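J.: Okay, sequence plus prediction incoming.
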Amino acid sequence: MKFVVCIKYTPPPIGIDSLYYANPYDLYALHCALTYKRCCPDVHVTALSMAPDRAIPLLKNAVALGCDEAVLISDKNFAGSDTIATSYVLCKSIKYIGSPDFVLCGEKSMDGETGFVGIGLAECLHYTYISDVISIEKGNEKSIIVKNRDAYYENTLMVDMPAVLSCRGVALNEGTVSLQRQKLANRYNPIVLTNAALKIDTSRCGLKGSFTKVLEIIDETAPAKGDPYIINEKDAGADYIIQEIRGIDM
Amino acid sequence: MKTEKKQIWVICEIINGGLSVGSRQMISKAKYLAKEMNADVSVILPAQIEDRKSLEHTPGTHIFYCSYLKSTSGGEYANKLSDIIAGKNSLCVMLSDNRFWKEVAVRLAIRLNVGLIADCINIVPHEDKQQLVYTRMVYSEAKMARITTKGDAFGICTIKKNVFDEGVATDSSAPLSYSYPTETNMVLPTNNIRVTDRTLIQVQDQDISLEGRKIILGIGRGIEIGNLKKVWQIAKKIHAGVGFSKPVADSQSGSGQNQIGQSGKFITCNLYIAFGISGSIHHLCAIQRCKKVIAVNLDANAPIAHAADIFIHADANLVIDALHHAIVSLG
């Protein structure tokens, strides 16, 4: 069985001194895949990322964590892709490296927060799409057991391959790495795919292929009502709240 | 030659025979934008409207009744919508922002080759009056992005609930037209997912949901986890909803479904009482449609103090204790 885990490298949050930062939602997807691999060592896990070459050390880290392979999609033609164009590039790349049985991704990215790329991938690849996945377990030769959670239910699903699984969860640390895996990862060179190999229609990716453009990013100002009426004592405050509640026609 | 007017499409949900609140808000905004952009509003309904209040929102729109849209998967829904929308002179397609509609939006955008914008909190005409400008939060709600579509592409957008006013039609005229598109491209759903178990979780959510509440209690990091049970008991007694700030919703003590904020829910109610919430920008934006805000916090400099009508400068846990005693224990 072949898994591909899509990992986005985003600008780091304030206070973290790093060029790139692995999207914690995607790290949860990686955690799900590697947990599965621990019980089914035959599973081949590929970490896939679309980022500049500077992200290579982070992909090496994915190998240190347990991935069998890491692939970086890096080409200036892909820079500035919106969610649809990104889905298209990832889809073409996934097909190029050999269509996997399951593609895992996080529910959204920390910067854009759209949650669209997983669905876009399923649509472009014509794979089944499952959202809100919290864990995956061993099924049979053609299926895996997927647990997902909606507002009120936790569902156990038997999902046939191929499928895109959008994982719902956050992994804030990347897990423990053995010295042996770290040495292996240090020697490992991720596969770098450019458009020379992928031959993607450049009119459908990058800024050129995106149908949206960001006009500006602005700081938000908090709405304010002015100076409030202040009550400085807890019992008086509770009495005031009770009066207000009673004043509302339920 | 007469040029076909651009269409603003609103994909609606019908709940209990009427338009959902989010659908009514989208129609209201679409009508405003249509007026500004000299466009028409087309409303796609999966069922006939029976509710009178909902009917007040339909004058001046083109109605598409598509009863076959019920009970389909996101992929099938997108397939059928693309049959209706493709080839029309469209300006924008609006959908609600839950997971199902997001899936429909993405699939539709890919099938129609158009722009896609998530979780919009505002839409205004572009200064060129040819396109729209969509506003959404980015970078964990730290910033706002203003986004537009390029060239001839129109935008498919998911809209946060409660960011627009519902508005009510001022005339009693009928919709501009009725259409009953017939079903095409019917593809039977594949059977590659089988549900083997289904366990009910978060029963409490149904009692504390934020929908249609006159009073909502907000819980922030200032509240001890042990006090949540008291808050739920108070809420049950006064028929209030309970929402959470993002840090609490992200932790196990809150419900991700009831997060109040720009990445969660925008709320409208008569009275919002914020317990132990400092008031990040994204939270304050999401509560600004509440008629009255009472904030309870030990920090007099907390940003929520400036967004509240009444500020109770006290330990929110002690105020909850007092409220619990008065409302639940004494009744």
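T.: Cool, got the structure.
J.: Find the least confident helix or strand in chain B, judged by mean pLDDT.
T.: helix B:204-208 (a mean of 57; mean pLDDT, DSSP states H and E).
J.: Output the contacting helices and strands for the following helix or strand past that helix.
T.: Sequence-wise, the next helix or strand downstream of helix B:204-208 (DSSP states H and E) is strand B:215-219. Identification of packing neighbours for strand B:215-219 by 3 or more Cβ pairs under 8 Å, 6 or more residues apart in numbering or on different chains; DSSP states H and E yields helix B:228-238, strand B:241-244, strand B:271-275. All C-beta atoms are positioned from the backbone trio N, CA, C, and that covers glycine.
J.: could I get these as CSV with distance to chain A?
T.: Shown next, in CSV, are these (distance: least, Cβ to the nearest Cβ, whole Å):
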stretch, distance to chain A
helix B:228-238, 5
strand B:241-244, 13
strand B:271-275, 6
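J.: Columns mean pLDDT, distance to A:Val63 and mean neighbour count on top of those, output as CSV?
T.: Output for the helices and strands packed on strand B:215-219, formatted as CSV (pLDDT from 0 to 100; distance: least, Cβ to Cβ, whole Å; neighbours: other Cβ atoms under 10 Å in any protein chain shown):
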stretch, mean pLDDT, distance to A:Val63, mean neighbour count
helix B:228-238, 90, 42, 18
strand B:241-244, 92, 38, 28
strand B:271-275, 96, 46, 28
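J.: a markdown table please, covering those and showing distance to B:Gln131.
T.: Listed next are the helices and strands packed on strand B:215-219 as a markdown table, based on distance: least, Cβ to Cβ, whole Å:
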| stretch | distance to B:Gln131 |
| --- | --- |
| helix B:228-238 | 44 |
| strand B:241-244 | 35 |
| strand B:271-275 | 35 |
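J.: residues of stretch B:313-331 that come out buried?
T.: Neighbour counts over stretch B:313-331 (16 or more other Cβ atoms under 10 Å in any protein chain shown) mark B:313-320, B:322-324, B:326-327 as buried.
J.: Among those, name the ones in helices.
T.: B:316-320, B:322-323 (DSSP state H).
J.: So the residue nearest to A:Ala64 when sequence neighbours are not counted: helix, strand or coil?
T.: Nearest non-adjacent residue to A:Ala64, counting by Cβ to Cβ, 6 or more residues apart in numbering or on different chains: A:Ala185, 3.6 Å away. Following DSSP: H, G, I helix; E, B strand; the rest coil, we place A:Ala185 in the helix state.
J.: mind checking pLDDT for A:Ala185?
T.: At A:Ala185 the predicted local confidence, pLDDT, stands at 92.
J.: Check whether it really touches A:Asp68, as I assumed.
T.: No: counting by Cβ atoms under 8 Å, A:Asp68 is not a contact partner of A:Ala185; they are 11.4 Å apart.
J.: neighbour-wise, which of these two wins?
T.: Using other Cβ atoms under 10 Å in any protein chain shown as the criterion, A:Ala185 and A:Asp68 rank with A:Ala185 on top: 21 against 13.
J.: From the chain's centroid, how far away is stretch B:209-224?
T.: 17 Å (Cα atoms, centre = their mean, to the nearest Å).
J.: Give me the buried positions along it.
T.: Neighbour counts over stretch B:209-224 (16+ other Cβ under 10 Å) mark B:209-210, B:213-220, B:222-223 as buried.
J.: what's the closest of these to chain A?
T.: Relative to chain A, the closest of the buried residues of stretch B:209-224 is B:Lys214; by Cβ to the nearest Cβ it sits at 5.3 Å.
J.: Now do the contacts for the spatially closest residue to the closest one that is not a sequence neighbour.
T.: Spatially, and ignoring its direct neighbours in sequence, B:Lys214 is nearest to B:Asn270 (4.6 Å; Cβ to Cβ, 6+ apart). By Cβ atoms under 8 Å, 6 or more residues apart in numbering or on different chains, the residues touching B:Asn270 are A:248, B:214-215, B:290-292.
J.: Show me the contact partners of the longest helix along chain A.
T.: When chain A is parsed with DSSP H, its longest helix is helix A:24-39. If you take Cβ under 8 Å, 6+ apart as the criterion, helix A:24-39 is touched by A:3, A:5-8, A:43, A:45, A:47, A:62, A:65-67, A:104-110, A:133, A:135-138, A:144, A:165-172, A:174-175.
J.: Looking at the residues you listed, which are in helices?
T.: Short answer: the contacts of helix A:24-39 in helices (DSSP H) are A:62, A:65.
J.: Show me just the buried residues among the contacts of helix A:24-39.
T.: Taking 16+ other Cβ under 10 Å as the criterion, what is buried in these is A:3, A:5-8, A:43, A:45, A:47, A:62, A:65-67, A:104-110, A:133, A:135-136, A:144, A:165-171, A:174.
J.: now, which of these lie within strands?
T.: Of the positions in the buried ones among the contacts of helix A:24-39, A:3, A:5-6, A:45, A:47, A:104-106, A:133, A:135-136, A:144, A:165-167 sit in strands, assigned by DSSP state E.
J.: Sketch out the low-pLDDT regions of chain A for me.
T.: Within chain A, the segments meeting pLDDT under 70 span A:13-20, A:151, A:172-175, A:250.
J.: do that again at 80, thanks
T.: Within chain A, the stretches with pLDDT under 80 are A:10-21, A:112-113, A:150-152, A:170-176, A:220-226, A:249-250.
J.: Look at the closest residue to B:Leu55 other than its chain neighbours and report its pLDDT.
T.: Counting by Cβ to Cβ, 6+ apart, B:Ile49 is the residue found nearest to B:Leu55 once chain neighbours are left out, at 5.7 Å. You'll see B:Ile49 listed with a pLDDT of 76.
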